[in-house]
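Chemist: I'll drop the sequence and a predicted model, then ask my questions.
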Amino acid sequence: MSRVKEYHPSLLRGLWALTVRELKKWLNDPIMLLMLVIQPLIWMGLLGKSMNLAAMFSAGNLGNIEVPEKIPIPGNYVIPPANGVIYVSGTMVSQIIQQTVSDIGANVMRNVFGVTDYFSYMSIGMISMIVMTTTMFSGMSIVWDRRLGFLDKVLSTPVPRGAIIFSKVLNATLRAMLQATIILTLATIFGLQLSPSFTLINMFGVYAAIFLLSVGLSSVFLAFSLRSTKLERPMQFISLITMPLMFASNTLFPITLMPDWLQAVAYVNPLSYLTDALRQLTILTLDVSKLTTDFMYLGFFATVLSSIGIVLSWRYLSK
Amino acid sequence: MSKEVIVATGLTKVFNKNLVAVDHVSFSVKHGEIFGFLGPNGAGKTTTINMLITVLRPTEGTASILGYDVVKQANEVRKVIGVVPQEYTADEDLTGYENIILCADLYGIPREVSKKRAVELLELVELTSFKDKKVETYSGGMRRRLELASGLINRPRVLFLDEPTLGLDVQTRAATWNYIKRLKEEYDMTIFMTTHYLEEADTLCDRIAIIDYGKIIITGDPEELKHSLGGDIITISIKEDVDISSIIRSVENVKEVRNENGSYRIKVESGEETAPLIIEALRRNGYTVTRLSLTEPTLNEVYLEYTGRSMRDTEESKEAFRSQRMTIRRARAR
């Protein structure tokens, strides 16, 4: 038998093979894909549409204000002043009042949320929340890989160790990006108002921001999952921190209206920066300085966390 | 052609600083051999394999595969070995073919080569008609064959089989043995395998090391080991309730007599010739033989002789050992 010539495993090749394996696992699964669509739909439908804050200021919510058919106005209030009493049509006044209230409402919304409808605000928040949970959960597949022996099998091949770690991170990130795209599309269909400054180029920014958060979070969770012998532990941890992280950020509500202590948390919470970056790029009029801050923070977060995560995982895999 | 392919010297693995899973194990495997590690569960077989296949780092000692050190030249080792782990590691959601191609990609084998090989290997393990079915539909035997096939994708020169027939039924086990023999001939490999099935070691292995509590107790080829027991065993019972050990012992060729509740276990050089002599001697002394059986040594006896005794020796600390084994297993599962 002729002896084989030697092949050289490359990082990229191994990385891609391992990533494709995971992507195939869930892209081939119609139920999984359906859940992927349904989950954000439920959130948007229940939270985004039920908490329709802007509707609080709509005409219907003003209650029954009795407006007489003719409203008498003393002549000295009229411009230019007139003698006697002047009568104004009640319908017109009521229209003006309604218009004003709705203007006030829109102003409040714009000052508080930056946009006039809560649905748009919240849908974008949903993207970052789902990016976060998807990222955290997908790192956990390594627990299964280890338990089923797949990890040891892969470790006995000459594939670079980095490829094993990065494939998990990449898989988490790609999933998060796909989900973000689905949510954004669905939200737009259901009434999300994109800012006039939005172009498809902005989507690159959206993906970049998601990428940064995913890389950071998934590498840390990967290291955490690798080290815990029980599958339940990372799961519990995720459910423990998801809600606090979501509420202590601008995902559902603006930071400025929070009490000071909560603001302090929200300002270090990377979710706030991701959400703001996404909003800047999609529904708000782009504020470049804010966006720069967001990206700088996300970049910092990604660098620090992924270094920690990757170093820990690496050490674990080569023990 | 007696080049040494695997050499282990004082290989030791200590988990969590105090749990010795493998304790200064030394052995060597020659080219073309099937070398078997035989021992009960938790004896340290898988831990040894994991060190040899570079998945675990030895705490002490060294090992080399084809001259490559498993720690310092781990990557070279990984290129020349194939591994068929104890577990079914194929991805259930992928097809058999996809699984093999995935393995090939990890070795960096170009697609045009790996596609050809995958087809060839699937043919060899008779999975061709199932190659595009998801692995979740495979039976245990089919999965085992798929593991075999994917372990061979890089044309390894040394193949590691960890409990290759664990959990398979008798027929499938026999079929798997055939595959292993055939693959070995086809690819001219050296094979290192672990098992706790005695017939498996007896049928497949050229040489065996019996390992227990992390230590190699004895090494040799199956015949040698059987001989080490000192020949055949005659079991005899008599009607009378008297100790006849001394009479039996006086017979020529009898090596050892053990009275086990009235039946006598006699080790002799050659059972067929000695048995009539024993009967004769007993009759002369007025005893009647009621039962006689003659067994040629099997690996089973060897195994019990060596692992069984050590178990009995440590009866008092059984609990301690049991918990230790649990820990080894858990540590191994990481």
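Modeler: Great, that's in hand. All values reported here derive from a predicted model rather than from experimental measurement. Numbering: from 1, shown residues only, chains lettered A, B, ... in the order given.
Chemist: mind listing the helices in the chain by residue range?
Modeler: No chain in the question, so chain A it is. Ranges of helices within chain A are A:11-27, A:30-43, A:50, A:90-113, A:118-138, A:141-147, A:150-155, A:161-189, A:201-227, A:232-247, A:260-268, A:270-282, A:288-317, based on DSSP state H.
Chemist: hmm, no, I was thinking of chain B.
Modeler: Using DSSP H, helices in chain B cover B:45-52, B:74-80, B:96-107, B:111-124, B:140-151, B:170-187, B:198-204, B:222-228, B:245-249, B:271-284, B:299-303, B:309-313, B:318-333.
Chemist: ok, now how distant is residue A:281 from chain B?
Modeler: 35 Å (CB to the nearest CB, to the nearest Å). Heads up, the C-betas are built off the backbone N, CA and C, glycines and all.
Chemist: show me what contacts that residue?
Modeler: A:198, A:202-203, A:205-206, A:209, A:291 (CB atoms under 8 Å, 6 or more residues apart in numbering or on different chains).
Chemist: among the residues you listed, which one has the most neighbours?
Modeler: residue A:209 (27 neighbours; other CB atoms under 10 Å in any protein chain shown).
Chemist: helix or strand with the lowest mean pLDDT in the chain?
Modeler: Going with chain A. Sorted by mean pLDDT, DSSP states H and E, the helices and strands of chain A end with helix A:50, the least confident at a mean of 74.
Chemist: actually, chain B is the one I wanted.
Modeler: Within chain B, no helix or strand scores below helix B:309-313, which has a mean of 42 by mean pLDDT, DSSP H and E.
Chemist: look up phi and psi at the residue nearest to residue B:74 when sequence neighbours are not counted.
Modeler: The shortest distance from residue B:74 to any non-neighbouring residue, by CB to CB, 6 or more residues apart in numbering or on different chains, is to residue B:54 (4.2 Å). Note on residue B:54: backbone dihedrals following degrees, to the nearest 10 are phi 70, psi 20.
Chemist: count of residues packed around residue A:268?
Modeler: For residue A:268, the count of nearby residues is 12 (other CB under 10 Å).
Chemist: what residues are up against residue 166?
Modeler: Assuming you mean chain A. Residue A:166 sits next to A:11, A:15 when contact means CB under 8 Å, 6+ apart.
Chemist: hmm, I had chain B in mind actually
Modeler: Here residue B:166 is in contact with residue B:86 (CB under 8 Å, 6+ apart).
Chemist: let's see the pLDDT reported for residue 23.
Modeler: Since no chain was named, I'll use chain A. On pLDDT, residue A:23 comes in at 87.
Chemist: meant chain B actually
Modeler: For residue B:23, pLDDT reads 92.
Chemist: the residue lying closest to it once chain neighbours are set aside: neighbour count?
Modeler: Distance criterion CB to CB, 6+ apart; nearest residue to residue B:23, sequence neighbours excluded, is residue B:214 at 3.9 Å. Using other CB under 10 Å, the number of residues around residue B:214 comes to 25.
Chemist: turn the helices of chain B into a markdown table, including mean neighbour count and distance to residue A:108.
Modeler: Converted to a markdown table, the helices of chain B look like this (neighbours: other CB atoms under 10 Å in any protein chain shown; distance: least, CB to CB, whole Å):
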| stretch | mean neighbour count | distance to residue A:108 |
| --- | --- | --- |
| helix B:45-52 | 26 | 64 |
| helix B:74-80 | 21 | 64 |
| helix B:96-107 | 24 | 56 |
| helix B:111-124 | 16 | 61 |
| helix B:140-151 | 23 | 63 |
| helix B:170-187 | 15 | 73 |
| helix B:198-204 | 20 | 78 |
| helix B:222-228 | 17 | 88 |
| helix B:245-249 | 14 | 105 |
| helix B:271-284 | 16 | 102 |
| helix B:299-303 | 20 | 83 |
| helix B:309-313 | 11 | 80 |
| helix B:318-333 | 14 | 58 |
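Chemist: I'd like the ones you listed as CSV, with distance to residue A:222 appended.
Modeler: Output for the helices of chain B, formatted as CSV (distance: least, CB to CB, whole Å):
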stretch, distance to residue A:222
helix B:45-52, 22
helix B:74-80, 22
helix B:96-107, 19
helix B:111-124, 28
helix B:140-151, 25
helix B:170-187, 36
helix B:198-204, 38
helix B:222-228, 46
helix B:245-249, 67
helix B:271-284, 62
helix B:299-303, 43
helix B:309-313, 42
helix B:318-333, 18
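Chemist: pick out the shakiest of these, pLDDT-wise.
Modeler: Lowest mean pLDDT within the helices of chain B: helix B:309-313, at a mean of 42.
Chemist: what about residue A:168, distance to chain B?
Modeler: Residue A:168 is 14 Å from chain B, by CB to the nearest CB.
Chemist: spit out the contact partners of that residue.
Modeler: For residue A:168, the contact set (CB under 8 Å, 6+ apart) comprises A:22, A:138-139, A:141-142, A:218, A:222.
Chemist: same deal with residue B:54?
Modeler: When contacts are counted by CB under 8 Å, 6+ apart, residue B:54 touches A:155-156, B:70-71, B:74, B:77-78.
Chemist: residue B:48 versus that one, what's the distance?
Modeler: Between residue B:54 and residue B:48 the computed distance is 13 Å (CB to CB, to the nearest Å).
Chemist: again, but for residue B:183
Modeler: Distance of residue B:183 to residue B:48, given as CB to CB: 22 Å.
Chemist: who is the closest residue to residue B:262 other than its chain neighbours paired with across the strands?
Modeler: Counting by CB to CB, 6+ apart, residue B:262 lies nearest to residue B:237, which is 6.4 Å off, once chain neighbours are set aside. On the basis of DSSP bridges, residue B:237 is bridged to residue B:263, residue B:291.
Chemist: can you count the residues close to residue B:237?
Modeler: Counted with other CB under 10 Å, residue B:237 comes out at 14.
Chemist: what sits against it?
Modeler: If a contact means CB under 8 Å, 6+ apart, then residue B:237 has B:262-264, B:289-292 as its contacts.
Chemist: isn't residue B:176 right next to residue B:163, touching?
Modeler: No. Here residue B:176 does not reach residue B:163: they are 11.1 Å apart, not a contact under CB atoms under 8 Å.
Chemist: what count of nearby residues applies to the residue nearest to residue B:283 when sequence neighbours are not counted?
Modeler: Leaving aside its sequence neighbours, residue B:283 sits nearest to residue B:289 (CB to CB, 6+ apart; 7.8 Å). Other residues near residue B:289 come to 15 when the count uses other CB under 10 Å.
Chemist: quick check, pLDDT for the residue in the stretch 101-250 of chain A that chain B sits nearest to.
Modeler: Of all residues in the stretch 101-250 of chain A, the one sitting closest to chain B is residue A:149 (3.1 Å; CB to the nearest CB). Listed pLDDT for residue A:149 reads 83.
Chemist: and if you look at residue A:164?
Modeler: pLDDT, residue A:164: 89.
Chemist: got a list of what it touches?
Modeler: Contact analysis of residue A:164 by CB under 8 Å, 6+ apart lists A:14, A:18, A:151, A:154-155, A:317.
Chemist: do that again at 7 Å, thanks
Modeler: By CB atoms under 7 Å, 6 or more residues apart in numbering or on different chains, the residues touching residue A:164 are A:18, A:154, A:317.
Chemist: please pick the buried ones from those.
Modeler: Of all the contacts of residue A:164 considered here, the ones buried according to neighbour count by 16 or more other CB atoms under 10 Å in any protein chain shown are A:18, A:154, A:317.
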